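Student: got a predicted model here, sequence first, then my questions.
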Amino acid sequence: LSGCTITAYRSGKVLFQGKDAEKEAKRWDSRSGPQTPKEETPISRLATVSAIGSDEVGTGDYFGPVVVVAAYVAKGQIDTMKRIGVKDSKQLTDEMITRLAPALMDHLHYASVVLSNREYNRWQQSGMPQTKIKALLHNEAIGKLMNALPQKPDAIIIDQFIERNLYFRYLDGEQHVIREHVYCIPKAETVHIAVAAASIIARYLFLQELDYLSETVGIELPKGAGEQVDKAAARLIQTHGEAILHSCAKLHFANTEKARRIANR
Ligand code: MN
């Protein structure tokens with residue numbers, strides 16, 4: 001929590017630290033009776049507020065960039081979003097995404113950040129964990145969108161890839177960090193439709209980037225990180241040399257080594 005860090009030990013001891021430690025500890029003190037809040041839990045209340053949703057795509061794909069999109073859905077737009085079929089992009093085919101995304105991009109405020117493979121590899125090789133890469137990109141996309149928004153959102157909901165405290169720890173030292181009303185929620189696309197909208201736009205932009213990269217390298221680059229990917233990477237090594245992977249692949253994936261082996265057969 002802001003103002004209090006709670007550490008629970010396996011021994012059963014619970015430690016409260018920080019300026020609001022006393023206040024927070026009191027809430028849990030059995031001597032003062034169980035404190036069940038009367039109001040709805042914050043998460044269930046979030047579904048109907050005006051919110052920014054933020055989601056990333058491409059972190060599990062060997063080829064192609066990482067794309068993070070933050071999208072704003074106002075209260076009054078939620079029903080329309082549901083009606084036109086907005087849901088988690090993982091439940092939609094690429095054809096459905098290609099049909100839906102342009103409409104969303106027309107009607108919603110959104111901001112995107114694309115981290116090219118070259119840059120991704122540079123960050124990764126400097127020792128940056130993928131979770132920090134994601135944190136930086138989410139913060140950047142959200143910041144960009146906030147600057148362009150005519151009004152402040154009630155909530156900023158990040159599809160959780162990391163626990164909230166760690167998210168902010170990764171952002172320590174960054175110049176502009178959006179902190180107010182930020183929630184990191186697992187499966188956030190089921191909590192607020194803005195996250196689902198963001199995931200659809202992100203996936204669409206990723207597919208476009210992958211098409212563009214495919215044209216550049218002269219073969220169709222497959223999605224994911226499976227065997228097809230190993231074979232495609234091996235073909236690239238054979239025709240262009242390994243250096244080409246820097247500009248279109250995430251080098252630290254095991255696919256690089258597998259492709260080398262196939263190429264050298
Ligand atoms: Mn996600």
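Tutor: Great, that's in hand.
Student: can you tell me which helices and strands the longest helix anywhere in the chain packs against?
Tutor: Ranked by residue count under DSSP state H, the longest helix found in the chain is helix 193-217. On a contact count with 3 or more C-beta pairs under 8 Å, 6 or more residues apart in numbering; DSSP states H and E, helix 193-217 meets strand 51-57, strand 66-73, helix 78-83, helix 94-107, strand 109-115, strand 155-159. Placement of C-beta: from N, CA and C, glycine included.
Student: one more time with 6 Å, if that's ok
Tutor: Applying 3 or more C-beta pairs under 6 Å, 6 or more residues apart in numbering; DSSP states H and E, one finds that helix 193-217 contacts strand 51-57, strand 66-73, helix 94-107.
Student: so that helix, near the ion or not?
Tutor: No - contact between helix 193-217 and the ion is absent, the nearest approach being 6.2 Å (criterion: C-beta under 5 Å from the ion).
Student: rounded mean pLDDT for that helix, please.
Tutor: For helix 193-217, the mean pLDDT works out to 97.
Student: lowest-pLDDT helix or strand in the protein?
Tutor: helix 42-46 (a mean of 81; mean pLDDT, DSSP states H and E).
Student: give me the contact list for it.
Tutor: Outside helix 42-46, the residues within contact range by C-beta atoms under 6 Å, 6 or more residues apart in numbering are A155, V191, H192.
Student: surely the second one meets I185?
Tutor: Yes - in this structure, V191 is within contact of I185 by C-beta atoms under 6 Å, at 5.4 Å.
Student: give me the residue from the chain nearest the ion.
Tutor: D159 (3.6 Å; C-beta to the ion).
Student: tally of neighbours for that residue?
Tutor: 25 (other C-beta atoms under 10 Å).
Student: end to end, how far does stretch 107-126 reach?
Tutor: With C-alpha to C-alpha, to the nearest Å as the measure, stretch 107-126 spans 39 Å from end to end.
Student: name the residues of it that are buried.
Tutor: Using 16 or more other C-beta atoms under 10 Å as the test for burial, stretch 107-126 gives 108-115, 117, 120-121, 123-124.
Student: and stretch 179-190, by the same measure?
Tutor: Neighbour-count burial for stretch 179-190 [16+ other C-beta under 10 Å]: V182, Y183, C184, I185, A188, E189.
Student: residues of the stretch 1-150 of the chain that sit close to the ion?
Tutor: Counting by C-beta under 5 Å from the ion, the stretch 1-150 of the chain sits next to the ion at D55.
Student: mind doing that once more with 6 Å?
Tutor: With C-beta under 6 Å from the ion as the criterion, the stretch 1-150 of the chain meets the ion at residues D55, E56.
Student: could you list the low-pLDDT ranges of the stretch 1-150 of the chain?
Tutor: 30-41 (pLDDT under 70).
Student: again with the stretch 151-265 of the chain
Tutor: For the stretch 151-265 of the chain (pLDDT under 70), the answer is none.
Student: how about the helices in it?
Tutor: 164-170, 193-217, 227-240, 255-263 (DSSP state H, counting those that start in this stretch).
Student: give me the buried positions along the second one.
Tutor: By that I understand helix 193-217. So, applying 16+ other C-beta under 10 Å, buried residues of helix 193-217: 193-207, 209-210, 213-214, 217.
Student: please apply the same query to the last one.
Tutor: Residues of helix 255-263 classed as buried under the neighbour-count rule (16+ other C-beta under 10 Å) are N255, T256, K258, A259, A263.
Student: before we move on, the earlier item: who's the residue of the chain closest to the ion bridged to?
Tutor: I185 (DSSP bridges).
Student: who touches it in this structure?
Tutor: D55, A188, V195.
Student: so what's the second one up against?
Tutor: Contact criterion C-beta under 6 Å, 6+ apart gives I157, D159, V195 as the residues in contact with A188.
Student: state the distance from it to D88.
Tutor: From A188 across to D88, the span is 9 Å (C-beta to C-beta, to the nearest Å).
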